[in-house]
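[1] Dropping the sequence and predicted coords here.
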Amino acid sequence: MSIQALREARNAAARDLRNHYDKHKDSWNADHQKVYDELAAKIDGFDGQIAAEERLLSIEASNNERLNRIEERDDVGRTEAGNRAEQESAIMRAWLVGGPQALTNQQRQYLDNRRNEAIRNGTLSTSPNVDGGYLVQQEFARSILEAMKLFGGMRQVATIMATANGASFLQPTTDSSSEEGEIVAENAAATTDTSIAFGSKLIGAYRFSSKLVPISLELLQDSAVDIEGHVRDRLTKRLARITERLFTTGTGVGQPEGIITAAAVGKALAAGGATSFTYDDLVDLEHSVDPAYRARAKYMFNDAVLKVLKRMKDGQNRPLWLPSIAGVAPSTISGYEYQLNQAMAAPAANAKSVAFGDLSTYTIRDVLAVDIYRFADSAFMSKGQIALLGFSRHDGKLMDVGGAVKTLQHSAT
């Protein structure tokens, strides 16, 4: 079955489930729940098949994006963009396999031309050497950043700020959630409000490392292997995992301040809630967030919590989870969209396992450069390996100061 057919079958099942729910929600019973469970299981099966197909399609999409960037960057047509993409891939492979000395004079000239263009256009913030890789800082590095956006939960919901350099700056903050205007009588003066206060939060750029990634010479030399894709995937996952974790739970001391760290507790569970929570607890969490923020609110939790929520019922014994229908409606919990984030805690003593609110008030800052270095010293060559090391710079802060995001915290016992 094609991916389009899978999507259509999945949407049909989701539509049937939602129609079934809407038709019977005011008189829900065990028979209705049985039909719901059967349709939900069918949807889960389709989702697994679709995810596998989408992983394959993402490779083609990445290649198309690269060609689009080269067309725009160099002001050339599709055919020439393809030629330049092949040339840049050949240079990248040669550099990975043999280091800078493996590049031909023609390839070095191509790199010099690209660097000079970048300097003229003001897009080269530092002057990389061939050991760091000229193209690594441009196309290859940009692909890594784009892939990181698809990896975890925070980049799906946060506001992304891209800067050309890593200089720290202050972002102003203020809380207007309790302010209101006034009625002024004829010929009367308007009141002067001196209570408005502005603050600021410092956004920096912490340096993240992929750690050294050893790669065997056999893998590098096997022309059947997509070595660029392999390297990009390895570096992306390493950098994405640590940044996603710290954007979620970072302390803010020598590292980004995570959204869960910065957000206030909206619902603290009483004793006995160390590993579980109820529908009523979710209602309390929702209403701990001001209605002004709830219009854009989403839930965020990890997959273990989603599994619990899919089985949870509301006060009338109806399921909380409804599946998405492409182009029509998103998946929801109690009517709110949700975002999976595997860096969030599972239900446990004192853990904050659920977040709710306007998650876009969290800002992620990316410095648009990823440096990749190649190591071929005796520590690796004696094992028939080279090693790659990637650096990238990021920071993250919850910029809201009015309580846009709240968390559910489990009890100690």
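    Thanks, I have the structure now.

[2] Which helix or which strand is home to T407?
    strand 405-409 (DSSP states H and E).

[3] Ignore what I typed, I meant S353.
    Using DSSP H and E, the element containing S353 is strand 352-357.

[4] Now the element after that strand, going C-ward?
    strand 362-375.

[5] packing partners for that next one?
    helix 139-149, helix 154-157, strand 159-163, helix 227-249, strand 385-398 (3 or more Cβ pairs under 8 Å, 6 or more residues apart in numbering; DSSP states H and E). To be clear about C-beta, it is placed using only N, CA and C from the backbone, and glycine gets the same treatment.

[6] Relative to the whole chain's centre, how far out is the following helix or strand past it?
    Downstream of strand 362-375, the first helix or strand assigned by DSSP H and E is helix 378-381. How far helix 378-381 lies from its chain's middle: 35 Å, per Cα atoms, centre = their mean, to the nearest Å.

[7] quick one: buried residues of helix 378-381?
    Neighbour-count burial for helix 378-381 flags F380 (criterion: 16 or more other Cβ atoms under 10 Å).

[8] Show residues contacting that helix.
    Contact with helix 378-381 is made by P214, I386, A387, as judged by Cβ atoms under 8 Å, 6 or more residues apart in numbering.

[9] Could I have the ChimeraX command that selects the buried members from the residues you listed?
    Selecting only the buried entries of the contacts of helix 378-381 in ChimeraX, with 16+ other Cβ under 10 Å as the criterion:
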select :386,387
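
[10] Include distance to L269 and pLDDT when you put the contacts of helix 378-381 into CSV, please.
    Below are the contacts of helix 378-381 laid out as CSV (distance: Cβ to Cβ, whole Å; pLDDT from 0 to 100):
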residue, distance to L269, pLDDT
P214, 45, 90
I386, 51, 88
A387, 47, 90
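
[11] now, among the contacts of helix 378-381, which is nearest to V308?
    P214 (39.5 Å; Cβ to Cβ).

[12] show me where this protein has strands.
    For the chain, applying DSSP state E gives strands covering 159-163, 169-174, 198-203, 206-209, 213-216, 264-268, 298-301, 321-322, 332-333, 336-340, 352-357, 362-375, 385-398, 405-409.

[13] between those strands, which gets the lowest average pLDDT?
    Per-stretch mean pLDDT for the strands of the chain is lowest at strand 169-174 (a mean of 83).

[14] Return the list of helices and strands in contact with that one.
    Taking 3+ Cβ pairs under 8 Å, 6+ apart as the contact cut, strand 169-174 packs with strand 198-203.

[15] residues in contact with the strand holding T407?
    With Cβ under 8 Å, 6+ apart as the criterion, strand 405-409 contacts 259-260, 262-269, 277, 281-282, 285, 288-289, 293, 350-359, 361-362, 398.

[16] Starting from that strand, tell me which strands it pairs with and how they run.
    strand 264-268 (parallel), strand 352-357 (antiparallel) (DSSP bridges).

[17] Output it as PDB, nothing but the C-alphas.
    Taking only C-alpha atoms (Å, rounded to 0.1, in the frame of the first residue of the first chain), the coordinates of strand 405-409 have been written out as PDB:
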ATOM      1  CA  VAL A 405       3.100  27.700  31.000                       C
ATOM      2  CA  LYS A 406       2.300  25.600  34.100                       C
ATOM      3  CA  THR A 407       3.300  22.100  35.200                       C
ATOM      4  CA  LEU A 408       1.800  19.200  37.000                       C
ATOM      5  CA  GLN A 409       4.100  17.900  39.800                       C
END
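
[18] Would you mind listing the buried residues in stretch 257-272?
    So, applying 16+ other Cβ under 10 Å, buried residues of stretch 257-272: E257, G258, I259, I260, T261, A262, A263, G266, K267, A268, L269.

[19] Pick out whichever of those residues sits closest to N187.
    G266 (45.7 Å).

[20] got a list of what the closest one touches?
    Neighbours of G266 in contact, by Cβ under 8 Å, 6+ apart: D284, L285, S288, V289, F356, K406, T407, L408.

[21] Which one of those residues sits in the busiest neighbourhood?
    F356 (29 neighbours; other Cβ atoms under 10 Å).

[22] bridging residues for that residue?
    Going by DSSP bridges, F356 is paired in beta bridges with Y299, K406.

[23] before we move on, back to that, from the contacts of helix 378-381, pick the one nearest V184.
    A387 (70.6 Å).

[24] Relative to A94, how far out is the closest one?
    17 Å (Cβ to Cβ, to the nearest Å).

[25] same deal with G403?
    54 Å.

[26] more neighbours, these two?
    G403 (19 against 16).

[27] what sits against the more buried one?
    G403 neighbours (Cβ under 8 Å, 6+ apart): S177, A264, S288, V289, D290, Y293, G357.

[28] Can you tell me which of those residues is closest to E244?
    Among those, and counting by Cβ to Cβ, the member closest to E244 is G357, at 18.7 Å.

[29] Look up how far S411 lies from that closest one.
    Distance from G357 to S411, counting by Cβ to Cβ: 22 Å.

[30] of these two, who's got more company?
    Each of G357 and S411 has its neighbours counted (other Cβ under 10 Å); G357 has more, 30 against 17.

[31] thought that one was touching V289?
    Yes - the pair G357 / V289 is scored as a contact, 4.7 Å apart, by Cβ atoms under 8 Å.

[32] so what sits against both of these two?
    A297, G403, A404, V405, K406.

[33] ok, which pair from these is furthest apart?
    Going by Cβ to Cβ, the pair spanning those furthest: A297 and G403, at 11.6 Å.

[34] Spit out the residues that contact these two alike.
    Joint contacts of A297 and G403 (Cβ under 8 Å, 6+ apart) are V289, G357.

[35] can you pull the alpha-carbon coordinates of stretch 361-371 into CSV?
    Presented in CSV, the C-alpha positions along stretch 361-371 are these (Å, rounded to 0.1, in the frame of the first residue of the first chain):
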residue,chain,number,x,y,z
THR,A,361,6.6,31.6,24.9
TYR,A,362,9.8,29.6,25.1
THR,A,363,12.6,30.9,22.9
ILE,A,364,15.4,28.8,21.4
ARG,A,365,18.3,30.7,20.0
ASP,A,366,20.5,29.1,17.3
VAL,A,367,23.8,30.6,16.2
LEU,A,368,23.8,29.8,12.5
ALA,A,369,27.1,27.9,12.3
VAL,A,370,28.1,24.3,13.0
ASP,A,371,31.8,23.5,13.0
